[in-house]
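Asks: I would like the atomic coordinates for the input below:
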Amino acid sequence: MSTQTPQDKFKDMDYETAIGKLNSLIGILERSEGTFEELIEVYKEAFEYYNFCCEYLSDAALRIKELNAKITSIKAPTEDK
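Replies: From the prediction side, this is the model:
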């Protein structure tokens, strides 16, 4: 059992790596590879990756929204001319 916290596990991870690992874990669950107890651990790990991916996408959406607001504020004065 790993003593690594989710924050440590995902500290330097990018979205593409996390989603790939999540898909791999989902495959293990779909194929029922392992004992029931092993699958519970896989499910718990998959949930950590799922949460990371959701938070990453939520943060990305916020950054995009902020960028769009900046672009709109830059374009707005020139459109009035």
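
Asks: Correct me if wrong: residue 28 contacts residue 35.
Replies: No. Assessed by C-beta atoms under 8 Å, residue 28 is found out of contact with residue 35, at 12.0 Å. C-beta: built from backbone N, CA, C; applies to glycine.

Asks: Distance check, residue 64 against residue 70.
Replies: 11 Å (C-beta to C-beta, to the nearest Å).

Asks: In terms of helix, strand or coil, where does the residue positioned nearest the centre of the chain fall?
Replies: In the chain, the C-alpha nearest the mean C-alpha coordinate belongs to residue 53, at 1.1 Å (C-alpha atoms, centre = their mean). Secondary structure, DSSP: H, G, I helix; E, B strand; the rest coil: residue 53 is helix.

Asks: Residue 28 and residue 35 - which one has more neighbours?
Replies: For the pair residue 28 and residue 35, the greater number of neighbours falls to residue 28 (16 against 9), based on other C-beta atoms under 10 Å.
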